[in-house]
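Visitor: The sequence and its predicted three-dimensional model are supplied below.
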Amino acid sequence: MGTLRGLAMGLLAAGTLVSAAPAQSWRLRFDASGQRVAFRGLRADSVLESSVLTGPTGGPVSPDGFAVRCFNEAYCHFYRPGDIRRGMPATLSTDLSMWGLGVTGLRVRVHARLNTDLSGDRVWPGVTPALQVAEAFAEYRRGNMTVQGGRLLDQGRLGNSGLGAIDGGRLAVQLDRVPLDLAVYGGWGLARGTILPVTSPAVNPLMDWAPAVRQLVAGATVGARFSRLDAQLEYRREVDPSTDYFVAERAGLSAQYRPLRRVSLTGGADYDMAQGQLGTAEVTLAYNAPRLWATVGARHYRPYFDLWTVWGAFSPVPYRGVNGSLAVGVLPTVQLRARGEWFRYDASNAITPTVDVEDAGWRAAFEATVTPRPQWTVTGSAHAEQLPGASSRGVDARVSWQPREAVTLSLAGGSLERPLELRFQDAGLTWFGATANYRATDRFSIGATADRYWESRDRPDAGAFDWNQWRFGLRASLTLKSDADRWVLPPARPLGRTR
Amino acid sequence: MIRRIGVTLLLLGSVAGVAFAANRPAPQDAFNHREHAKLFVSCATCHAGVEQPAEAFFPTAVQCATCHDGTTERKVTWQPRVGPRATNLAFDHQQHSVVRKGRRGTGNNTCADCHTPTRGAWMTVRGPEAGQCLTCHKQEPAKHVSLPDTACATCHVPLSKATGFTSERIALFPQPTSHAAPDFQAQAGHGVQAKGPGGPNVVATSCATCHVQTYCAACHVNAPEVKEIQALGNYAAATAVPHPAKAPASHAAADFEEKHGALAGDGAKACQTCHTQESCAACHNAVLPAAARRLAHAGPGRAVGAVTLAKLPSSHSPTWKEQHGPAAAASMQSCTSCHVRESCLACHVPTAGKQIDYHPASYLTRHPADAYTRANSCAECHNQGQFCQSCHQQAGVVAQRTLLGAGGYHDGNRQFFVGHGQAARQSLESCASCHVERDCLTCHSAQKGRGFSPHGPGFDAERLLRKNPQLCIACHGTAIPRR
């Protein structure tokens, strides 16, 4: 009921905003989507140590055949197959842009979502809280200066690892005489990788220590734009206002150099000033021709943790890897793609003589796309990942038919195996599905997906199980525009022509 | 229920139909000259005003009713035209009548000269053809719509003054041959031809004969600044003429998107005809380039501007989806040239109700392989607590608050519990998706645990102490060791 009320209020607010504001032009887009999903996990259990038997392989097992772990206490522990959890998450997104509000250069933008789980169980991540606002800001642009205020997404290398948000303001200036753009921003930050504050219960489901206040964020960026070089230098600090201690302090540099028309060198690195460590860095040399794309690169990955947690003190070690990719249009109707990466972790300096853990891994994938006719696309792929912790290998295939520009029908299927390194469990999955998309008009489209999954968890004890599920998805998108937006010239390029 | 809806729709349809019929004007009879051929022997009987200024140009309805009284003949609804003539001709019958009388001996010199086809029967009436005018006006009849600019005003008034025209009639205007020239749409074509001979504030007569301001403004978003367009008059029906605007040839080049910034130049003069700032902002979402800022804003009196459909830059290879991160960080401005924020949000802020296309359909089962070693940084789109922990909690794969209880999960190695250090330092993000800090501090705390130090390579105690002492206090209390 609360969700419905929120939904109604959201729609009412969007409608009121649009109708009340004397905007010269506006666009309002609604995206509604829902899916039926299920998953099956584990359920912890224990038996009296006195009842434990010796299993076929010599290890301890429960009377009903589950391998158990005993620690010389009264009980031995094990995991049973869990119940099947079903969810029906649904989301209504509203994306509104308005400009021409009577003040030249002023625009307003809002992107908000209403979430619910129609099954009532809220088992699927991301459905709480019901109302989530990704962006809601007013922007005033005059000449080379832009001022924004409200909830802003901060896109950059440090913006909460790529894309974060703040509730605050940003001032950006684009210099005319020199190819530089400068920006400063500040406000209250949100948690990493989400649009919720760190104080929200939704980002702390296990009820661990949680900050009582939101962090204050301040940062600056300097961008250089040349014909062959783009570079961006960033600095960002986050402070706990209740103690004035740092939550994070980082700097980052990203650059792309284009020495030749088809060649680019892209790289970047971030530095954790709070820990005094190089964070994640990468460099990629790319060659892009009309029917040949190739990259070679190197990567240094180190996880990053806010100083609100103690995880950083556990000294996570980085890995260094090399990677490459190749895509070739061997014929106008056939494209082959391959990519791979090999990496090795730095020495962890952890003495674990009784446990042998992989410290290097590789991943590779091969794909082929065949377009025998313009309406038909057939894609097949195979992937293999031999990695510390977990591996996987499998194949996928998809056939798409587009009888008309507005209609796309697809059949897809695949199979994979996923052994774990740290647990006896070799999961297997075979799936098959169909998707239909229909764009009724330029403003309205719908789509539906139905997938069948057959999954197995293989173990040498009673913990093995098989199960399957149907997954369904529905989505619809509606775009409304103002009259001013409709009076436009014909497209500069025929629709559908992308290259 | 369905029946009720059907009845309601039927009622609504009936009411709408009745209302439509009631408001619809009765069709007016058109006068059929041919049917009346035996009745009239002279055009002047009804059209005396053609030659006599004091007389009416058309008969009155009363005159028709002399015969069409409902008894002798059926009643008719014909009425003489009122208001402006539905033409843009500057033709004056009386003036031409005088001229015609002065030129007796050169043909029959009757109304039929212009209004009846050659060898047509009496009262086979039609409108005059341009060729007939041009015969006398010493122009080549075959080139009517392609005559020199100076010739138009001889017979035509500007379209803006021909307010009796309907949209349908205007839409049937013939197109001059000049309009088919390959460069006609360019400035060198119609732009040059539109300049009138009398200076910059005058538009060529040939343009004004068929076009009004609103027609030009449909393409020219800079219409308020173009004096030739401002010199045109205006009225609404004239926008009915179709305007088959095409993108300039330069836009079809394979590398146009990459080079259009350089082609625009600092002043963007070549762009200002079709593009407003808002037109550019449709792609250049974040910060407008300097050239775009030279353009006019969309607003009252201006169209929004050309629709921009960008094509893929060469950098967007088939594997671009996985590789775009570093390039986006280096040049987000380039991304915002084509992408609105919504395209980022679709993946970077996952939608609970929708399976995101970024990951394959089988990813729920497959994800541990990527998550353990971070093929890409999961945290760019997923919050550890909101996404990983909440789902693992539902699946029962979170620590059970007692280490021994959790110990049963990692059964791939019998001694994993005492030898997990390397795995933890390699994949700490994965640990934190099921474990909370208190699980680890059971052993790794200097205060309440067993004192196993978690600090490893690269740990800078002094620096962390300066930045956030609370981090140290969590395990050491106030007795933080100093080196």
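Guide: Great, that's in hand.

Visitor: I'd guessed A:Arg344 sits against A:Trp362; true?
Guide: No: with contact taken as CB atoms under 8 Å, A:Arg344 and A:Trp362 are classed as non-touching, separated by 9.8 Å. For every residue, glycine as well, the C-beta is placed using N, CA and C.

Visitor: Least confident secondary structure element in chain B?
Guide: None of the helices or strands of chain B scores lower by mean pLDDT, DSSP states H and E than helix B:2-23, at a mean of 49.

Visitor: model confidence over stretch A:395-402, on average?
Guide: In this model, stretch A:395-402 has an average pLDDT of 97.

Visitor: how about the CA coordinates for it, as PDB?
Guide: Listed next in PDB are the C-alpha coordinates belonging to stretch A:395-402 (Å, rounded to 0.1, in the frame of the first residue of the first chain):
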ATOM      1  CA  VAL A 395      29.000 -21.500 -24.000                       C
ATOM      2  CA  ASP A 396      26.100 -19.200 -25.000                       C
ATOM      3  CA  ALA A 397      24.200 -18.700 -28.200                       C
ATOM      4  CA  ARG A 398      21.600 -16.200 -29.400                       C
ATOM      5  CA  VAL A 399      19.500 -15.900 -32.600                       C
ATOM      6  CA  SER A 400      17.800 -12.600 -33.200                       C
ATOM      7  CA  TRP A 401      15.200 -11.900 -35.900                       C
ATOM      8  CA  GLN A 402      14.100  -8.400 -36.700                       C
END
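
Visitor: May I see the buried residues of that stretch?
Guide: When neighbours are counted by 16 or more other CB atoms under 10 Å in any protein chain shown, the buried residues of stretch A:395-402 are found to be A:396-398, A:400, A:402.

Visitor: need those in TSV with secondary structure, can you?
Guide: Formatted as TSV, the entries for the buried residues of stretch A:395-402 read as follows, by DSSP: H, G, I helix; E, B strand; the rest coil:
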residue	secondary structure
A:Asp396	strand
A:Ala397	strand
A:Arg398	strand
A:Ser400	strand
A:Gln402	strand
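
Visitor: can you tell me which of the residues you listed lies nearest to B:Pro469?
Guide: Minimum separation from B:Pro469 among the buried residues of stretch A:395-402 (CB to CB) is found for A:Asp396, which lies at 50.4 Å.

Visitor: any idea how far A:Asn323 is from A:Trp376?
Guide: 32 Å (CB to CB, to the nearest Å).

Visitor: Same question for A:Ala165.
Guide: When CB to CB is applied, the distance between A:Ala165 and A:Asn323 equals 30 Å.

Visitor: More neighbours: these two, which one.
Guide: Each of A:Ala165 and A:Asn323 has its neighbours counted (other CB atoms under 10 Å in any protein chain shown); A:Ala165 has more, 27 against 22.

Visitor: Is that one bridged to anything, and to what?
Guide: As for beta bridges, A:Ala165 partners with A:Leu153 under DSSP bridges.

Visitor: One more: A:Leu278?
Guide: With DSSP bridges applied, the residues forming beta bridges to A:Leu278 are A:Tyr271.

Visitor: in terms of contact, does B:Cys280 touch B:Ala292 like I think?
Guide: Yes: if you go by CB under 8 Å, B:Cys280 and B:Ala292 touch, sitting 3.9 Å apart.

Visitor: out of these two, which sits in the busier spot?
Guide: When B:Cys280 and B:Ala292 are compared for neighbours, B:Cys280 comes out ahead with 24 against 21, by other CB under 10 Å.
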